[in-house]
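*Asks:* Here you go, sequence then predicted model.
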Amino acid sequence: MDVSLSDDELNNSSMFDEYDSDDVFRITVTTDNHLGFMEKDPERGMDSFISFEEALEIAKEEQVDFILLGGDLFHENKPSRDCLTKCQKLLREHCFGDKPIEFEILSDENTNFGHTGFPRANFNDPNLNVSIPVFTIHGNHDDPTGQQNLCAIDTLAAAGLVNYFGKSNTSCDQGVNIAPVLLQKGCTKIAIYGLGSIKDERLYNMFEKGLVEFIRPAEDSDDWFNIFVIHQNRSAHGKKNYIPETFLPDFLDLVIWGHEHECRIRPEYNDLQKFFVSQPGSSVITSLSESELEPKNIGLLKIYKKNFKLEPVPLRSVRQFMMTNVILTDSDLNPTDKNIELKIEQYLTKKVLSLLDECKKSRYCYEKQPIKPLIRLKCDYTDFEPINEIRFAQKMIDKVANPRNILQFYKKPSEQKVEAELDVEAAKCLRMNGGGEQLEYVKVQDLVKKYFKKADDKNKMVAITEKGLSDAIQEFIEKDEKDAIAELINYQINKIQTYLKNEVRWQNEFQLEEEIRNFQKIRLANVEDEDKELREVFEKTRKNTQSNTQMNDSDEEASFSRRAFDSDQENKEKSSTGRGRGSRGGSTRSRGRATRTNRVGRGAKASNQEEISFMPSSSRSMIKNEKIDMGSDEEIITLDQKASRPIRSIATTSSVRRARINYDDDDDEDEYMSSTKKTKINDSKLDDNDDTQNTFSIFKKAARKK
């Protein structure tokens, strides 16, 4: 059980002022900055950047040795260019300068930072002038993805702005070795262990199997002050959907816990493991929930040998947030009153104005703090009818920063409504956790599991597993992988088809249905194999998405080049003396992207072999437009406007194209079907016998092919 201790009880913390400053580490600690949160909102778009800048200013004023971030620096996995640029400007402005670095790194820098492409800390780079180094891990919002396993933090590290550590290769189940960053200042030595965000269930299983190893210094291991920076669920959201503190080794001295947004920055002592845990919380309000009501702080950590002191430092630039509960049945309002809606609106308006008065009294005298506060009224309207929220919001536009979701109506749950549908339960969960502004508090896995637990037999899934569907939805929501669900359905249906063709014999539809359900039971019993298959499917989806993105970028640049060429050609034609597209004197100029052979402009003769300048710049490439006879196929050589290279495109008939689709194995068929997106089955909507029969007919045809 954790026990919160006062500053005086923390390792003789009152004696820190007497220690020599040359031996004391001074560290700024902050987590969950969520840069870019609601960046398109005209009122709240700058909140995350303002509070993060204040944290950097505090670090500069306190003359700290370095800044320690606990993950989720960015709110999005793929932050916008505007967000990334603002972050880089802030780090460059506040963390670069002539202030000398008063500590040294003793660990192997290639081991700690080699994955960034630069095997050294940024303050040891002769090309950079770093005054306050930043050490950070990644969180669940900005975790690495894609074929190269990169994230936005890698971009900052490649630019020399941060020192990115704690990145593990989680593509295999061989375990994780956590090597510390070893730092020394005078007689004080600290070892900073870091582990970027991993799916909680997976990391839980790895801890249970002993696959997570902390590598301790070989010499004088007991003389090091050991810090562990982690970004996982601290509170239990399921049997394995969190990381218990008892999983962490007992040689640690202080754990910096990210991901949880509630500010519990004062160190809490764990009696069993004999270490302290500090939960700084987020630096910006991302959900209108009770956990965000605590004042936001960052930490000023001082370490001398094995003693430490962690002082909370309030963030004065954070937008104010007030919340209250309103129960209409406790008021003097009469539900049968003819003007009850108007009176409820007036009653709630008074509550909002009362909260606004409290905000004015508690407001910091800080010019960067936003003026409009966040207000949330949780209104129990049992025995009443809800008012028009849009009309109420219009009255609050000039008073609060969140007029659209200032009200949250709910009714007391009754016994008759326990068996609710998924959409009702999901909406209730979203509202209870901040009106859906931050989905991380609502677990997709919990919603899917809850729905299919209550669903009857006709609504239960046959081909797709619950875990596969929940993971695919999570990929779609958190990683913006739009093809994750379709790719999963294609993969798992194809696997069932292969099983029916090769492994079983059946004679009627009832036996077919039974075999499909038996196959599903086999998959559910082997959880580890399913996890591995899901990772392969989603990795394949990311590669396809990345390839499509690159092709789209190429098309956009080619289109821009063509538009520039057209404009250049038109300007030249306007200056010529000839009429129409051509000109007198035998000019061979022609308007457009490309021309057919022997095509001439009006008013002039053109040569048979026409040469065209495709690029409007001075470095134009002269490419001849040719046709080559390829026998049955006609190959047309066109020009890639981006790189001035010929691109081959085969013009064939539909019969030729169909004949060329030959599958060497099942994986090739999967890849073709996913690219054309011809298989679209909503397995969760088998509502009647006809749909079920149609679904099984797919498997009948597939199994009879053999």
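*Replies:* Cool, the structure landed.
*Asks:* Could you list the low-pLDDT ranges of the stretch 451-600 of the chain?
*Replies:* Across the stretch 451-600 of the chain, the ranges flagged by pLDDT under 70 are 451-464, 476-482, 503-511, 524, 527, 545-600.
*Asks:* err, the stretch 151-300 of the chain, not the other one
*Replies:* Within the stretch 151-300 of the chain, the stretches with pLDDT under 70 are 170-173.
*Asks:* Going along the chain, name the helices of it.
*Replies:* For the stretch 151-300 of the chain, applying DSSP state H, counting those that start in this stretch gives helices covering 152-158, 200-208.
*Asks:* Quick check: which of these is nearest to residue 98?
*Replies:* Nearest of the helices of the stretch 151-300 of the chain to residue 98, taken as Cβ to Cβ: helix 152-158 at 21.7 Å. To be clear about C-beta, it is placed using only N, CA and C from the backbone, and glycine gets the same treatment.
*Asks:* right, and the helices of the stretch 151-300 of the chain - which one's nearest residue 472?
*Replies:* Nearest to residue 472, of all the helices of the stretch 151-300 of the chain, is helix 200-208, at 15.4 Å by Cβ to Cβ.
*Asks:* List the buried residues for stretch 127-134?
*Replies:* Residues of stretch 127-134 classed as buried by neighbour count (16 or more other Cβ atoms under 10 Å): 130, 132, 133, 134.
*Asks:* With secondary structure, pLDDT and distance to residue 186 as extra columns, can I get those residues in TSV?
*Replies:* Output for the buried residues of stretch 127-134, formatted as TSV (DSSP: H, G, I helix; E, B strand; the rest coil; pLDDT from 0 to 100; distance: Cβ to Cβ, whole Å):
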residue	secondary structure	pLDDT	distance to residue 186
130	strand	95	20
132	coil	96	19
133	coil	96	17
134	strand	97	22
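*Asks:* wait, which of these is closest to residue 63?
*Replies:* Of all the buried residues of stretch 127-134, residue 132 has the smallest distance to residue 63: 8.7 Å, by Cβ to Cβ.
*Asks:* how about the closest residue to the closest one other than its chain neighbours, what does it touch?
*Replies:* Spatial nearest neighbour of residue 132, chain neighbours left out: residue 95 (4.5 Å); criterion: Cβ to Cβ, 6 or more residues apart in numbering. Residues near residue 95 by Cβ atoms under 8 Å, 6 or more residues apart in numbering: 56, 67, 130, 131, 132, 133, 134, 161.
*Asks:* Can you tell me the SS state at the first one?
*Replies:* Spelled out, it's residue 56. helix (DSSP: H, G, I helix; E, B strand; the rest coil).
*Asks:* doesn't residue 67 make contact with it?
*Replies:* Yes - using Cβ atoms under 8 Å, residue 56 is in contact with residue 67, at 7.5 Å.
*Asks:* of these two, who's got more company?
*Replies:* residue 67 (25 against 19; other Cβ atoms under 10 Å).
*Asks:* Let me know the secondary structure of that one.
*Replies:* Put simply, residue 67 is strand when judged by three-state DSSP.
*Asks:* you'd agree it is up against residue 132?
*Replies:* Yes - if you go by Cβ under 8 Å, residue 67 and residue 132 touch, sitting 6.1 Å apart.
*Asks:* So for the two, which residues contact both of them?
*Replies:* Going by Cβ under 8 Å, 6+ apart, residues that sit against residue 67 and also against residue 132 are 59, 95.
*Asks:* element containing residue 401, please.
*Replies:* Following DSSP states H and E, there is no helix or strand that holds residue 401.
*Asks:* Tell me how many other residues crowd it.
*Replies:* Neighbour count of residue 401, defined by other Cβ under 10 Å: 22.
*Asks:* So it sits against residue 45, correct?
*Replies:* No - in this structure, residue 401 is not within contact of residue 45 by Cβ under 8 Å, at 10.7 Å.
*Asks:* coming back round to it: adding distance to residue 408, write the contacts of residue 95 out as CSV.
*Replies:* CSV is the format used below for the contacts of residue 95 (distance: Cβ to Cβ, whole Å):
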residue, distance to residue 408
56, 34
67, 36
130, 46
131, 46
132, 41
133, 43
134, 38
161, 40
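*Asks:* how about these, which pair is most distant?
*Replies:* Of all pairs in the contacts of residue 95, the most separated under Cβ to Cβ is 56 and 130 at 13.3 Å.
*Asks:* For the stretch 401-550 of the chain, just list every one of the helices.
*Replies:* Using DSSP H, counting those that start in this stretch, the helices found in the stretch 401-550 of the chain span residues 422-432, 444-454, 466-478, 484-502, 509-525, 527-575.
*Asks:* okay, how far is it across stretch 179-194, tip to tip?
*Replies:* One end of stretch 179-194 to the other measures 8 Å (Cα to Cα, to the nearest Å).
*Asks:* Mind listing what's buried along it?
*Replies:* By 16+ other Cβ under 10 Å, the buried positions in stretch 179-194 come out as 179-183, 185-186, 188-194.
*Asks:* that older thread, next, the residue nearest to residue 132: phi, psi?
*Replies:* Per-residue torsions, residue 95: phi -110, psi 0 (degrees, to the nearest 10).
*Asks:* same deal with the one 3 residues further on?
*Replies:* The phi/psi pair for residue 98 (degrees, to the nearest 10) reads phi -90, psi 0.
*Asks:* That one: neighbour count?
*Replies:* 6.
*Asks:* wait, what's in contact with it?
*Replies:* For residue 98, the contact set (Cβ under 8 Å, 6+ apart) comprises 129, 131.
*Asks:* Distance of it relative to residue 307?
*Replies:* 31 Å (Cβ to Cβ, to the nearest Å).
*Asks:* try residue 299
*Replies:* Taken as Cβ to Cβ, the span from residue 299 to residue 307 is 16 Å.
*Asks:* Let me see the contact set for the closest residue to residue 366 other than its chain neighbours.
*Replies:* Spatial nearest neighbour of residue 366, excluding adjacent residues (Cβ to Cβ, 6+ apart): residue 316 at 3.9 Å. Contact analysis of residue 316 by Cβ under 8 Å, 6+ apart lists 54, 364, 366, 368, 369.
*Asks:* a strand runs through residue 316, doesn't it?
*Replies:* No - counting by three-state DSSP, residue 316 is not found in a strand; it is coil.
*Asks:* start the count at 881, not 1, going forward
*Replies:* Yes, from this point I'll number from 881; that puts the last item at residue 1196.
*Asks:* Could you check how far it is from residue 972?
*Replies:* The spacing between residue 1196 and residue 972, counted by Cβ to Cβ, is 24 Å.
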